[in-house]
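Colleague: quick one, what's the 3D model for this:
(chains A and B)
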2 protein chains.
Amino acid sequence: MREVLEKKVLSENDRLAAELRQRFHEENILCVNLISSPGSGKTLLLEKTLAAFPQGTPVAVLTGDIQTDNDAQRLARYGFPVRQIVTGGTCHLDARMIDRHLNQIGFRGPGILFIENVGNLVCPSSYDLGEAAKIVLLSVTEGEDKPLKYPGIFHRASLMILTKTDLLPHVDFDPDLAHENARKVHPEIEYLALSARTGEGFPKWLDWLTALREKSSQQVTTL
Amino acid sequence: MREVLEKKVLSENDRLAAELRQRFHEENILCVNLISSPGSGKTLLLEKTLAAFPQGTPVAVLTGDIQTDNDAQRLARYGFPVRQIVTGGTCHLDARMIDRHLNQIGFRGPGILFIENVGNLVCPSSYDLGEAAKIVLLSVTEGEDKPLKYPGIFHRASLMILTKTDLLPHVDFDPDLAHENARKVHPEIEYLALSARTGEGFPKWLDWLTALREKSSQQVTTL
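Modeller: Numbering: from 1, shown residues only, chains lettered A, B, ... in the order given. The predicted structure is shown next:
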């Protein structure tokens, strides 16, 4: 019975996510959904990303947490619309939360919407938020085996970002092995390695975003 | 309706957990339940802990993961009974899994049973496994704010272990602030800081376990 209800919840979420995807498409909003363990560096990556955009760039962030608005406070300093979604115990964001909070901030495309999910490598992977891409972050302190142990999110993510590469000299971690493990689960997964702290590899992330943005816009204009 | 079903699932779990707790009590088994984000160092801490026990010490491990038996393979090298629980997508261990796998390995007290939960700072905190203590691990790479962002597990844990202290010189992390944040959520939480890699602080963990074991045994003998 629990499985039946789970399916019903997910199917209702999928319906709402399809509406969001349609809306993102019509308004030419590129939406990306960042997922990782707690503390893998989602917020810092977003801070550096916002800092790299000129003021007035049409960008917004919805950031999810069980409790606190710490992340929204960190992200709001960059002058773009940011909204904290406090789930109050729920271990993931769902499409309904995105719809509600997006309406409340009144963000309109064209532009980029970043969603920072609740820190959890398991549950968020099952919830479609209408995003163009799920992005999974893995930090070099977490071990190379994580793609094999948490295959769901690595299977669904378009891009894997290896974070905190500045710590590589101080940990036993083989980036190639982590990448290889991710490819075992998802052969087509794209891969970037960076340190948001030192900036190493960071430009490639902006390039990746730009390329996805252009691809997404072309899809709109060719319709 | 979802909330009602969740309550029913948790209440059924509580019933089974109470039976497990009674069994642990009768057999003089100290059961501890290790919970953390993926990659915070649960398995390495357990490896070092098993390595510190003389052969023949009555100790067993049940280790949970979504997929793979990597952790059981790592832990089995130390000569103690170890069993992998592959949840196949479920984001936490529950009392029924513990009961079934405990029966299958045939572990009898007196002794110590370590449970390594699925790497997830959210969902495992709601599931009582009959343990004498929940232990939450937080690594120094994850940020000091995690107790405030994931208050459920820090509220329920008896002990917080700060792990990977060997990385402190390389990260911006204030252990006192992390401890203070945990105490905001749970003023009585106990606290240890260690590096399983270098061994720094490790003896205090063994002392903590020994003290809990003695306290737990006394409760049995005084009945």
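Colleague: looking at chain A, which helix is longest?
Modeller: Taking DSSP state H as the criterion, chain A has its longest helix at helix A:2-27.
Colleague: what's the first helix or strand after it?
Modeller: strand A:29-35 (DSSP states H and E).
Colleague: and that next one, C-alpha only, in PDB?
Modeller: C-alpha atoms of strand A:29-35 as PDB (Å, rounded to 0.1, in the frame of the first residue of the first chain):
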ATOM      1  CA  ILE A  29      13.600  29.900 -18.700                       C
ATOM      2  CA  LEU A  30      16.600  27.600 -18.300                       C
ATOM      3  CA  CYS A  31      16.000  25.700 -15.100                       C
ATOM      4  CA  VAL A  32      18.700  23.600 -13.500                       C
ATOM      5  CA  ASN A  33      18.300  21.500 -10.300                       C
ATOM      6  CA  LEU A  34      21.400  21.100  -8.100                       C
ATOM      7  CA  ILE A  35      21.500  17.900  -6.000                       C
END
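Colleague: so which elements touch that strand?
Modeller: Counting contacts by 3 or more CB pairs under 8 Å, 6 or more residues apart in numbering or on different chains; DSSP states H and E, strand A:29-35 packs against helix A:2-27, helix A:42-52, strand A:111-116, strand A:133-139, helix A:202-221. Just so you know, the C-beta spots here come from the backbone N, C-alpha and C atoms, and that holds for glycine as well.
Colleague: what angle do strand A:29-35 and the last one make with each other?
Modeller: Meaning helix A:202-221. 140 degrees (axes from the mean of the first three to the mean of the last three CA atoms, to 10 degrees).
Colleague: who touches helix A:202-221?
Modeller: Contacting residues not belonging to helix A:202-221 are listed as A:25, A:28, A:30, A:32, A:45, A:48-49, A:52, A:110, A:112, A:132-133, A:159, A:161, A:190, A:192, A:194-196 [CB atoms under 8 Å, 6 or more residues apart in numbering or on different chains].
Colleague: buried residues in it, which are they?
Modeller: A:Phe202, A:Trp205, A:Trp208, A:Leu209, A:Leu212, A:Arg213, A:Ser216, A:Val220 (16 or more other CB atoms under 10 Å in any protein chain shown).
Colleague: those residues of chain A touching chain B, which are they?
Modeller: A:1-2, A:5, A:9, A:37-39, A:65-68, A:70, A:89, A:91, A:118-123, A:139, A:141-143, A:145-146, A:148-152, A:164, A:166-167, A:170-171 (CB under 8 Å from any CB of the partner chain).
Colleague: shaky segments in chain A?
Modeller: A:1-2, A:220-223 (pLDDT under 70).
Colleague: point to the residue nearest the middle of it.
Modeller: Centroid check for chain A by CA atoms, centre = their mean gives A:Leu34 as the closest residue, at 1.3 Å.
Colleague: thought it was touching A:Glu131?
Modeller: No: look at A:Leu34 against A:Glu131 with CB atoms under 8 Å: they stay out of range, at 9.4 Å.
Colleague: okay, and the common contacts of these two?
Modeller: With CB under 8 Å, 6+ apart, A:Leu34 and A:Glu131 have common neighbours A:Ile115.
Colleague: picking that back up, mind checking which of the residues of chain A next to chain B are in strands?
Modeller: Among the residues of chain A next to chain B, DSSP state E puts A:Asp65, A:Ser139 in strands.
Colleague: quick one, which of the residues of chain A next to chain B are buried?
Modeller: For the residues of chain A next to chain B, buried by 16+ other CB under 10 Å: A:37-39, A:65-68, A:70, A:91, A:118-123, A:139, A:141-143, A:145-146, A:148-152, A:164, A:166-167, A:171.
Colleague: how near is A:Tyr78 to A:Phe53?
Modeller: When distance is defined by CB to CB, to the nearest Å, A:Tyr78 is 8 Å away from A:Phe53.
Colleague: cool, and A:His179?
Modeller: From A:His179 to A:Phe53 the distance is 28 Å (CB to CB).
Colleague: and for A:Ser158?
Modeller: 21 Å.
Colleague: in helices, which of the buried ones among the residues of chain A next to chain B fall?
Modeller: A:Asn70, A:Lys146, A:Leu148, A:Lys149, A:Pro151, A:Gly152.
Colleague: what's the farthest-apart pair in those residues?
Modeller: A:Asn70 and A:Leu148 (31.3 Å; CB to CB).
Colleague: A:Lys184: neighbour count?
Modeller: Per other CB atoms under 10 Å in any protein chain shown, the neighbour tally for A:Lys184 reads 13.
Colleague: again, but for A:His92
Modeller: Using other CB under 10 Å: A:His92 sits among 22 other residues.
Colleague: residues contacting the closest residue to A:Ile115 other than its chain neighbours?
Modeller: Closest residue to A:Ile115 apart from its sequence neighbours, by CB to CB, 6 or more residues apart in numbering or on different chains: A:Asn33 at 4.5 Å. Contacts for A:Asn33 (CB under 8 Å, 6+ apart) come out as A:Ile115, A:Asn117, A:Pro124, A:Leu129, A:Glu131, A:Ala133, A:Lys134, A:Ile135.
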